[in-house]
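Undergrad: Mind folding the following:
(one chain, ligands or ions: 1)
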Amino acid sequence: MPAPQCASCHTARAALRRPRSGQALCGTCFCAAFEAEVLHTVVAGRLLPPGAVVAVGASGGKDSTVLAHVLRELAPRLGISLHLVAVDEGIGGYRDAALAAVRRQAVRWDLPLTVVAYADLFGGWTMDAVARSTAGSGRSRACCTFCGVLRRRALEEGARLVGATHVVTGHNADDMAETVLMNFLRGDAGRLARGGGLGSPGEGGALPRCRPLQLASQKEVVLYAHFRRLDYFSEECVYAPEAFRGHARDLLKMLEAARPSAVLDLVHSAERLALAPAARPPPPGACSRCGALASRALCQACALLDGLNRGRPRLAIGKGRRGLDEEGPPREPQPSRPPTSEPVPDF
Ligand code: SF4
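TA: Sure, this is the predicted structure:
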């Protein structure tokens, strides 16, 4: 049976059915609709004002590749300028190839690119070194928890380095729904309270941060990359199979099979969630070491690095942090780990 006509232009043959609406579109009309929806998300949410210098968190993966491409298309209409900021976590056999994809994108799209490395920012610690350290402490499954905290800090540092006024990341609706599920499963009221909305306005001196693809499904992000013939890196990080997120992803797939709107429903649930006063976390203060927002004496990143430098990464996350705060600063200055055995950032 021949493909139906595109429901938008009524001339070309449809190349896909939109996963949510079932609308049959040709590739050109689908890409135009996708870009228009991202534009609407940005404009309606007032996420990126005219004149904004936007640091795009670029990982080389499909989401950040699509985000950078769409924002480059929309930049003249939005009146914004873009700067790619990539983070080299120091993950052997993975990140070097992903960074190569980011470099190709920067050249092809004529966008400035800055790479910041964990090893430079965090006293020689790379993600591989963190993984080795946490493996000895029984927290090897928590690599992504550690990495997520450090990535956030690294992207903020990189964005400041290039004079950005705003930070954008490529999280899509599926990522956000997984995060909501994980926070429920962990009973993490603090993150649930902060997790809604399309971004954060930049509290505590942090740059405003937003997720323009937050309402786009993962399937459509992949379709957009396909029809725009985008070059991206699609291998999974070596630490990803251990992540708790994988369980949330499996659960979400089952939910979506039974209820196709489950992903967006979860995203909107988080936006509308209101915690009872007794369950609300206290307003954050400032980290006593770096000044970033913190719910305890130290922010998550400083607590994590403190725990690693003490050789006690168990203290750095979850309930162990209470002990870390109570212990005070390390008794003696910790030397930076020599990065000699780790991949050397090539920028
Ligand atoms: Fe970091 Fe985990 Fe992502 Fe790997 S999968 S880059 S360890 S957050």
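Undergrad: in this protein, which helix or strand is least confident?
TA: helix 320-327 (a mean of 45; mean pLDDT, DSSP states H and E).
Undergrad: quick one: Ser133 is in a strand?
TA: No. Assigned with DSSP: H, G, I helix; E, B strand; the rest coil, Ser133 falls outside any strand and is helix.
Undergrad: give me the number of residues near it?
TA: Neighbourhood size, Ser133 [other C-beta atoms under 10 Å]: 20. Where C-beta positions appear, they are placed from N, C-alpha and C, glycine not excepted.
Undergrad: Looks like it contacts Arg310 (just checking).
TA: No. Applying C-beta atoms under 8 Å as the test, Ser133 and Arg310 come out as separate, 10.3 Å apart.
Undergrad: same question for stretch 33-41, mean pLDDT?
TA: In this model, stretch 33-41 has a mean pLDDT of 97.
Undergrad: neighbouring contacts of it?
TA: 8, 18, 25, 47, 70-71, 73-74, 77-78, 198, 212-216, 220, 223-224 (C-beta atoms under 8 Å, 6 or more residues apart in numbering).
Undergrad: Tell me which residues touch the nearest residue to Ala193 once chain neighbours are set aside, please.
TA: Distances taken as C-beta to C-beta, 6 or more residues apart in numbering put Leu275 closest to Ala193, at 5.3 Å, once the chain neighbours are dropped. Contacts for Leu275 were tallied using C-beta under 8 Å, 6+ apart; they are 189, 192-193.
Undergrad: Can you tell me which of these has the most neighbours?
TA: Going by other C-beta under 10 Å, Leu192 tops those with 21 neighbours.
Undergrad: Would you enumerate the residues in contact with it?
TA: Leu192 neighbours (C-beta under 8 Å, 6+ apart): 180, 183-184, 270, 273, 275.
Undergrad: again, 6 Å this time
TA: Contacts for Leu192 (C-beta atoms under 6 Å, 6 or more residues apart in numbering) come out as 183, 273.
Undergrad: circling back: now, which of the contacts of stretch 33-41 lie within strands?
TA: With DSSP state E as the criterion, strands contain Leu25 from among those.
Undergrad: The contacts of stretch 33-41 in helices, which ones?
TA: 70-71, 73-74, 77-78, 220, 223-224 (DSSP state H).
Undergrad: Mind putting the residues you listed into TSV with pLDDT and distance to the ligand?
TA: TSV is the format used below for the ones in helices among the contacts of stretch 33-41 (pLDDT from 0 to 100; distance: C-beta to the nearest ligand atom, whole Å):
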residue	pLDDT	distance to the ligand
Val70	98	22
Leu71	98	22
Glu73	98	27
Leu74	98	27
Arg77	97	32
Leu78	98	28
Glu220	96	22
Leu223	97	23
Tyr224	98	22
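Undergrad: Drop anything exposed from the residues you listed.
TA: Buried members of the ones in helices among the contacts of stretch 33-41, counted by 16 or more other C-beta atoms under 10 Å: 70-71, 73-74, 78, 220, 223-224.
Undergrad: what's the closest of those to Ala159?
TA: In terms of C-beta to C-beta, no member of those lies closer to Ala159 than Leu71, at 14.4 Å.
Undergrad: how about Pro112, phi and psi?
TA: phi -70, psi 150 (degrees, to the nearest 10).
Undergrad: and it, what pLDDT?
TA: The predicted local confidence for Pro112 is 98.
Undergrad: what's the nearest residue to it if we skip its chain neighbours?
TA: Closest to Pro112 by C-beta to C-beta, 6+ apart is His83, at 4.9 Å.
Undergrad: So the one you found sits against Arg160, correct?
TA: No. With contact defined as C-beta atoms under 6 Å, His83 does not reach Arg160; the gap is 11.4 Å.
Undergrad: higher neighbour count, these two?
TA: His83 (20 against 14).
Undergrad: Using the three-state scheme, assign that one.
TA: strand.
Undergrad: Name the residues of stretch 127-136 that are buried.
TA: 127-131, 133-134.
Undergrad: got it, and stretch 258-270?
TA: Buried, per 16+ other C-beta under 10 Å, within stretch 258-270: 262-264, 266-268, 270.
Undergrad: mind saving the C-alpha coords of it as CSV?
TA: The C-alpha trace of stretch 258-270 is given here as CSV (Å, rounded to 0.1, in the frame of the first residue of the first chain):
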residue,chain,number,x,y,z
ALA,A,258,0.0,0.6,28.4
ARG,A,259,-0.6,4.4,28.3
PRO,A,260,1.1,6.3,25.4
SER,A,261,0.8,9.6,27.1
ALA,A,262,2.6,8.3,30.3
VAL,A,263,5.9,10.2,29.5
LEU,A,264,4.3,13.7,29.1
ASP,A,265,1.9,13.0,31.9
LEU,A,266,4.8,12.4,34.2
VAL,A,267,6.6,15.6,33.1
HIS,A,268,3.4,17.6,33.6
SER,A,269,2.8,15.9,37.0
ALA,A,270,6.2,17.2,38.2
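Undergrad: what bridges to Val116?
TA: Val87 (DSSP bridges).
Undergrad: So that it lines up with my notes, have the first residue be 41 from now on.
TA: Okay, residue one is now 41; in that scheme the one you just asked about reads as Val156.
Undergrad: can you give me the helices in the stretch 241-387 of the chain?
TA: Secondary structure of the stretch 241-387 of the chain by DSSP state H, counting those that start in this stretch: the helices cover 258-267, 285-298, 302-312, 340-349, 360-367.
Undergrad: my bad, should have said the stretch 91-240 of the chain
TA: 102-118, 135-149, 158-161, 167-175, 183-201, 213-226, 229-235.
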